[in-house]
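A.B. asks: Starting from these lines, generate the structure:
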Amino acid sequence: MVNRELLKRQTTPGCTGEFVYSLASTAAMLLQGLGEYCLVGRGRFNGKEAERSVLHAIGLNEIHLSALRAGLLVRWICSIEIRSQNELTAFGFVKDYDAVVTVRTEAGEQRFALEYERSPKTIKYYRDVAASLSREVHVNQVLYLVSNYDLLQFISGFFRNTRSRVFLGLVKDWHSQLLNMPVSCSSATRCFRFRETLNDRVTHAEAPAISA
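C.D. replies: Now for the predicted structure:
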């Protein structure tokens, strides 16, 4: 499929020497014609931007697989499908989220928007996101999974005055605890279990506060 230019092969950033495969533009156009959510946009990134894109995609895929293997996942709406809805319909989300996730809890099925941040973006970017979330009507909760505690602290400061429910947690805690992971929000001084926030029972988590 690589030789037929249906798949694009990239070397994994780092020293592993492994390959990552993604759809080439030709395959994307074929799938789009068959009704799949494969918007054909600008050309592929090059250089460092391509490396960041690959690492982000791998990390997001691991987050997806953790929920799937645990049997929690009801539906995972991927970023391509979200972008398609946002660009082509009048019923879009206010942001191109990394995913919109529906999971099973003891209170029933619960849905939230997911953002995966490996590295910080600009101050203007987060201010614009915070402003836009106040207009969101399709999901009432956003979970930011971040790579380290310093990044968590940095991002949380932008959502202090927003009316939306934005929670932040460490990606390593998602993989080890899933819905029982501790999360924080900028308006509270303590952590909560993510499961409790989904079920609208925001009480103090039994676990200690998130630490570096």
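
A.B. asks: and whatever helix or strand Tyr125 lives in, which residues are buried?
C.D. replies: Per DSSP states H and E: Tyr125 is located in helix 123-133. For helix 123-133, burial by neighbour count (16 or more other CB atoms under 10 Å) applies to 126, 129-130, 133. C-beta: built from backbone N, CA, C; applies to glycine.

A.B. asks: and if you look at stretch 116-124?
C.D. replies: Neighbour-count burial for stretch 116-124 flags 116-118 (criterion: 16+ other CB under 10 Å).

A.B. asks: got it, and stretch 130-150?
C.D. replies: 130, 133, 136, 139, 141-147.

A.B. asks: which stretches of the chain form helices?
C.D. replies: Here the chain has its helices, by DSSP state H, at 25-33, 47-69, 79-88, 123-133, 149-156, 171-177, 194-198.

A.B. asks: Packed most tightly, which of those helices would that be?
C.D. replies: Neighbour counts (mean count of other CB atoms under 10 Å) averaged over each of the helices of the chain peak at helix 194-198, with a mean of 21.

A.B. asks: okay, the angle between the helix holding Tyr125 and helix 149-156?
C.D. replies: Interaxial angle of helix 123-133 relative to helix 149-156 (axes from the mean of the first three to the mean of the last three CA atoms, to 10 degrees): 60 degrees.

A.B. asks: Walk me through the domains of the protein.
C.D. replies: 1-44, 48-198 (automatic domain parsing).

A.B. asks: for the shortest one, what is the average pLDDT?
C.D. replies: When you say that, I think you mean domain 1-44. What domain 1-44 shows for mean pLDDT is 61.

A.B. asks: follow-up on the earlier one: for the domains of the chain, which has the smallest mean pLDDT value?
C.D. replies: The bottom spot among those, by mean pLDDT, belongs to domain 1-44, with a mean of 61.

A.B. asks: can I get the helices of the chain in TSV with distance to Ala107?
C.D. replies: As requested, those are exported to TSV (distance: least, CB to CB, whole Å):
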stretch	distance to Ala107
helix 25-33	36
helix 47-69	17
helix 79-88	25
helix 123-133	23
helix 149-156	26
helix 171-177	18
helix 194-198	8
